[in-house]
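J.: Sharing a model prediction with you, sequence too.
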Amino acid sequence: MDTTKVILIGASGHAKVVCSVIESMGIKIEACFDQNPAINTLNGYQNLGELQAEHFPNLPCLIAIGNNQIRQNIAQKTHRAFLTAIAASAVIDQFVEIGAGTVVMQGAVVQRDTFIGKHCIINTKASIDHDNHIADYVHVSPGATLCGNVHVGEGTHIGAGATILPNIRIGAWCKIGAGAVVTQNIADHTTAVGVPAKPIQIHEQ
């Protein structure tokens, strides 16, 4: 497998930032694939439409889509190797484990003994402290802060500027509102907003 090049799945706004991360690593973007016919190029990279098996079979790919559910759906049906992309300006402790397909954006900080699963997004200037456990397909939005020993379940979206206090457990497929301060555990499939954060909706499983 050629690790000096990558292909992208997705070519919208989120993909622009992913391009910036990959370029900071010195990796060449060979092409992008997006089924939106209105998108011809992404930052000068050609959009080839829907990814097919014959497209660059020896290159790893990266799913550059912000929606957690869509990213999961694509990952589960895409039989390719996935790149893990970490911006040159991100600060990642040597004892951090990061899964395949995850992107860590510019200025993010991830501290010691934290685990981050597959196909996550750790967005611009997010701060993740020690002993966190971030499950697959999670999105930690720009400027969010996760204090020590926080657990975040699969597919959860932590909104921009949210703060999660130490030792909190947030369930799977939750939505934490922008600017929220989470002071107590949040059950699966829950939307929570405010200061302190309170549940306002339970999603269907």
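T.: Yep, that arrived.
J.: residues contacting the residue sitting nearest the centre point of the chain?
T.: Centroid-nearest residue in the chain, with CA atoms, centre = their mean: I121, separated by 1.3 Å. Contacts for I121 (CB atoms under 8 Å, 6 or more residues apart in numbering) come out as 14, 66, 102-103, 105, 138-140. In short, each C-beta sits where N, CA and C put it, glycine included.
J.: at 10 Å instead, please
T.: Shown in contact with I121 (CB atoms under 10 Å, 6 or more residues apart in numbering): 14, 17-18, 63-66, 68, 71, 101-105, 108, 137-141, 157-158.
J.: Provide the backbone phi and psi angles at it.
T.: For I121, the backbone dihedrals are phi -120, psi 120 (criterion: degrees, to the nearest 10).
J.: what's the answer for Y137, then?
T.: Per degrees, to the nearest 10, the backbone of Y137 is at phi 70, psi 20.
J.: Check Q69 too.
T.: According to degrees, to the nearest 10, Q69 has phi -70, psi -40.
J.: Who's the closest spatial neighbour of it, skipping the chain neighbours?
T.: G155 (6.8 Å; CB to CB, 6 or more residues apart in numbering).
J.: wait, isn't that neighbour in contact with D136?
T.: Yes: applying CB atoms under 10 Å, one finds G155 in contact with D136, separated by 7.5 Å.
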